[in-house]
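**Q** below: sequence and its predicted model.
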Amino acid sequence: TADRILQVLESSDKSVFAPSAFVLGKYKYEPARKKIESITKEKSNPDREILAQSLGWLQNKESIPLLKENLQEKEGEGRYGAAWSIGVLNAEDAIDLLQEAANGKDNKLTRIAIESLGQIRSPKSLEFLSKKVESNKELSSALLTSIASIPGEESAKILDRYALSDETNIQKVALQAILQRKDKSNIPTLIKILESNKNAETISGAQLALKAISGATFSSQTEWINWFDIDNKSEHYMHVDDAISAHVDW
């Protein structure tokens, strides 16, 4: 089937380029890569977002230089597929380009670039993503989700800091990101929220995150706090004190 679809891709009918490339990408059919790259270069071809995406599906890092070129174009939908594929291909050398794209005025490209930074999972992106939460709060969900995707203590502390935010919307998103991450190092901050917060939605978010991380199924603040007191509270609080200090500085 892939051989026959490649024949279709090699025809002169531009209307079939994108769907053919998409299927061949899904098949991870390497013999089609050079052809897909050549038609992706042509700005006159339709559906360049899908064409560039197909290179990500093919999973060959040799396509990265072309995708970086596409991402740097001033306009056009090819940038969207390129940004997505760069994340899928884990192109760490393109982090600066993704950050530049995320700072642009094209909202769709901004979101895709942020998601790709999360896909690459490099600590190099943390400072950029964290600062952007402050400057672009409507993107806080995508930003904190990407931060949660990056392993390490630094990203955990950033999530702690935003979970302790006085802004309810930011705090809610941070709790969702902590739930997604399931990192035990965030437990002290969640307990701190239960000890000091009276907002029902925030308390519920903290408890859901605690359930996801610990596997325990307590239903009240008191039960969670007592559970934590028994479980090496003094050791855990060394981490949350750092987060609180960072929050005060910020």
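**A** Done, it's in. Everything quoted here is computed from the prediction, not taken from an experiment. Numbers count the residues shown, from 1 in each chain.

**Q** where does the chain dip in pLDDT?
**A** Counting by pLDDT under 70, the chain contains low-confidence ranges at 231-250.

**Q** check contacts around the closest residue to residue 182 other than its chain neighbours.
**A** Computed as Cβ to Cβ, 6 or more residues apart in numbering, the closest residue to residue 182 that is not its neighbour in sequence is residue 213, at 5.1 Å. Every residue, glycine included, has its C-beta placed from N, CA and C. Residues near residue 213 by Cβ atoms under 8 Å, 6 or more residues apart in numbering: 178-179, 182-184, 186-187, 190.

**Q** so which helix or strand takes in residue 213?
**A** helix 200-214 (DSSP states H and E).

**Q** still on that earlier bit, can you turn the buried part of the contacts of residue 213 into a ChimeraX selection?
**A** The ChimeraX command for the buried members of the contacts of residue 213 (criterion: 16 or more other Cβ atoms under 10 Å) is given here:
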select :178,179,183,186,187,190
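
**Q** farthest-separated two in the contacts of residue 213?
**A** In the contacts of residue 213, two members sit farther apart than any others by Cβ to Cβ. They are 179 and 184, at 12.8 Å.

**Q** what's the helix or strand for the spatially closest residue to residue 218 that is not a sequence neighbour?
**A** Leaving out its chain neighbours, the residue that sits closest to residue 218 by Cβ to Cβ, 6+ apart is residue 224, at 5.0 Å. Element membership for residue 224 (DSSP H and E) is helix 221-230.

**Q** how far is that helix from where the chain is centred?
**A** 32 Å (Cα atoms, centre = their mean, to the nearest Å).

**Q** what lies in contact with it?
**A** With contact meaning Cβ under 8 Å, 6+ apart, helix 221-230 is reached by 187-188, 191, 194-195, 203, 207, 210, 214, 216, 218, 236.

**Q** helix or strand for the residue nearest to residue 137 when sequence neighbours are not counted, which one?
**A** Counting by Cβ to Cβ, 6+ apart, residue 170 is the residue found nearest to residue 137 once chain neighbours are left out, at 6.7 Å. Using DSSP H and E, residue 170 falls within helix 168-181.

**Q** which elements pack onto that helix?
**A** Judged by 3 or more Cβ pairs under 8 Å, 6 or more residues apart in numbering; DSSP states H and E, helix 168-181 is in contact with helix 140-149, helix 153-163, helix 187-196, helix 200-214.

**Q** mind redoing it with 7 Å?
**A** With contacts taken as 3 or more Cβ pairs under 7 Å, 6 or more residues apart in numbering; DSSP states H and E, helix 168-181 sits against helix 140-149, helix 153-163, helix 200-214.

**Q** just tell me which of those ends up closest to residue 72.
**A** helix 140-149 (21.0 Å).

**Q** pull out the buried residues from the closest one.
**A** Using 16+ other Cβ under 10 Å as the test for burial, helix 140-149 gives 140-149.

**Q** tell me what angle that helix forms with helix 153-163.
**A** 150 degrees (axes from the mean of the first three to the mean of the last three Cα atoms, to 10 degrees).

**Q** distance from the chain centre to helix 140-149, please.
**A** The chain centre lies 5 Å from the centre of helix 140-149; the measure is Cα atoms, centre = their mean.

**Q** try stretch 34-49
**A** Chain-centre distance of stretch 34-49: 26 Å, with Cα atoms, centre = their mean.

**Q** just stretch 74-88 next, same as before
**A** With Cα atoms, centre = their mean as the basis, stretch 74-88 stands 15 Å off its chain's centre.

**Q** what do you get for stretch 164-181?
**A** The answer for stretch 164-181 is 15 Å, by Cα atoms, centre = their mean.

**Q** now do that stretch: everything it contacts.
**A** With contact meaning Cβ atoms under 7 Å, 6 or more residues apart in numbering, stretch 164-181 is reached by 133, 137, 140-141, 144-145, 147-148, 159, 162-163, 186, 189, 199, 201-202, 205-206, 208-209, 212, 243-244, 247.
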